[in-house]
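J.: the following comprises the amino acid sequence and a computationally predicted model.
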Amino acid sequence: MSPQTKQVLRVGKAQLDLLEELTNANGVSGNEIEIREIIRKKVAPFVDEINVDGMGNLLVIKHAKKPNAIKVMLDAHMDEVGFMIVEEDGDGLYEFEHVGGGDERQFVSKPVSVGSQKLPGVIGSKPIHLASEDEMNAVISQQGMRIDLGPAGKGKAKRGDYAAYATKLIRSGDAIFAKALDNRLGCATLIELLKTAPEHVELLAAFTVQEEIGLRGAKVAAYDFYPQLAIAVDSTPAFDFERPDGNENTQYNCKLGGGPAIYIADRGTLSDPRLIRFFTQVAEENKINYQYRQPGGGGTDAGALHLTRGGVPSVSVSVPGRYAHTAVMLARISDWQDTLNLLQQALAALTPEILSGDRA
């Protein structure tokens, strides 16, 4: 590789400011417009084509400058888990449904913003002082909760309005605390990679919608692009606590501080072995921290990408983060930087020969 392709990407103030802007904005599944407009403005100076398809995906192309370029699709979903208003009870209280894989145990007392006006509210339920013993020993059901906008919010929200967590990004040393790191980390990563796209790659970047409710945007985007290979860039749950009994935690999924998580298998995808080997080789040759995500539940847009048309060789590379699908996640800047560099070096090293021979 030339010295240019060996450049090391850094996560500095500009990148952290970008991530803060993305995470502080709202984009619950099916209502990604605010995120899409931020990304559109950020990538416009660096790309050749920008389109929004019928689903709302933002499809971006950075053309190769060399002949016989390999067509590579990078995918990052824009949406986050959240809520939808379904009925007003009066006095600023609203019934709601959750959108995406929310955890009811985490809902109570979380601040939210509702609708395009971003009305401030909180998710409330019966106070502990009035709860029965049985209620104290049970998980509060969503049906027993309300989004409370206060008296000033009476009549302000309507059925179908979206609500998102109102958490703002905080940095503490190497740690980032924010909502929607799943998957604004992926979106910020794609934005940075578009700035440094190698000349021999036809780079097809899809910022997709509705991943959290069924990989819906990715299905459409991959059909449109039909790449030679696809890489889903996401955030993956880390459960790396020590066990209370002192035994080794062997079911951690992935660990903070371990670098990008390369997927071998998840609920929806068996990653292409050729791409797993390739990313492993790139990481080791460039001395980049990496880890394998433990096979198991969950999944990424790769679950839709690899099933497109005649099949697309696919793999997922994700930034590990704790407390996914809650009001605040925690990730490490160093893991994000390692993910950026692994993807950058992989794009620089990609050739069609990587996919030569049958998948095995």
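T.: Perfect, thanks for sending it. Predicted model only: the values in this text are computed from it and were never measured.

J.: okay, now residue 251: neighbour count?
T.: Counted by other Cβ atoms under 10 Å, the residues lying close to residue 251 total 9. C-beta here means a position set from N, CA and C on the backbone, and glycine is covered the same way.

J.: ok, residue 78 next?
T.: A count of neighbours around residue 78, defined by other Cβ under 10 Å, yields 30.

J.: also residue 260?
T.: Number of residues near residue 260 (other Cβ under 10 Å) recorded here: 29.

J.: list the contacts for it?
T.: With contacts taken as Cβ atoms under 8 Å, 6 or more residues apart in numbering, residue 260 has the following neighbours: 283, 288-291, 317-320, 335, 338-339, 342-343.

J.: for residue 267, same thing?
T.: 296-299, 303.

J.: list buried residues within the residues you listed.
T.: 298-299, 303 (16 or more other Cβ atoms under 10 Å).

J.: for stretch 26-39, C-alpha coordinates in CSV please.
T.: C-alpha atoms of stretch 26-39 as CSV (Å, rounded to 0.1, in the frame of the first residue of the first chain):
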residue,chain,number,x,y,z
ASN,A,26,-34.2,12.7,17.0
GLY,A,27,-34.8,9.9,14.5
VAL,A,28,-37.1,7.2,15.7
SER,A,29,-37.8,4.5,13.2
GLY,A,30,-40.1,5.8,10.5
ASN,A,31,-39.2,9.5,11.3
GLU,A,32,-35.6,9.8,10.3
ILE,A,33,-35.9,13.1,8.5
GLU,A,34,-33.9,15.2,11.0
ILE,A,35,-31.0,12.8,10.9
ARG,A,36,-31.1,12.5,7.1
GLU,A,37,-30.9,16.2,6.6
ILE,A,38,-27.9,16.5,8.9
ILE,A,39,-26.1,13.8,7.1
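
J.: contacts only, for residue 84.
T.: 28, 96-99, 160-163.

J.: which of these ranks first by neighbour count?
T.: Among the contacts of residue 84, the one with the most neighbours (other Cβ under 10 Å) is residue 163, at 27 neighbours.

J.: next step: the contacts of residue 260 restricted to strands.
T.: Using DSSP state E, the members of the contacts of residue 260 that fall in strands are 291, 317-320.

J.: in TSV: these, plus neighbour count and distance to residue 327.
T.: Listed next are the ones in strands among the contacts of residue 260 as TSV, based on neighbours: other Cβ atoms under 10 Å; distance: Cβ to Cβ, whole Å:
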residue	neighbour count	distance to residue 327
291	19	26
317	28	26
318	28	20
319	31	19
320	30	19
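
J.: burial measure for residue 325, as a count.
T.: Counted with other Cβ under 10 Å, the neighbours of residue 325 add up to 19.

J.: the residue nearest to it when sequence neighbours are not counted and residue 107, how far apart?
T.: In space, not counting the residues next to it along the chain, residue 325 is nearest to residue 81; the distance is 4.9 Å by Cβ to Cβ, 6 or more residues apart in numbering. According to Cβ to Cβ, to the nearest Å, residue 81 stands 11 Å off from residue 107.

J.: which residues do these two both contact?
T.: Taking Cβ under 8 Å, 6+ apart as the contact definition, residue 81 and residue 107 share the neighbouring residues residue 98.

J.: run the chain-centre distance for the one helix or strand in the chain whose mean pLDDT sits lowest.
T.: Comparing helices and strands within the chain by mean pLDDT, DSSP states H and E singles out helix 133-136 as the least confident, with a mean of 76. For helix 133-136, the separation from the chain centroid amounts to 36 Å (computed by Cα atoms, centre = their mean, to the nearest Å).
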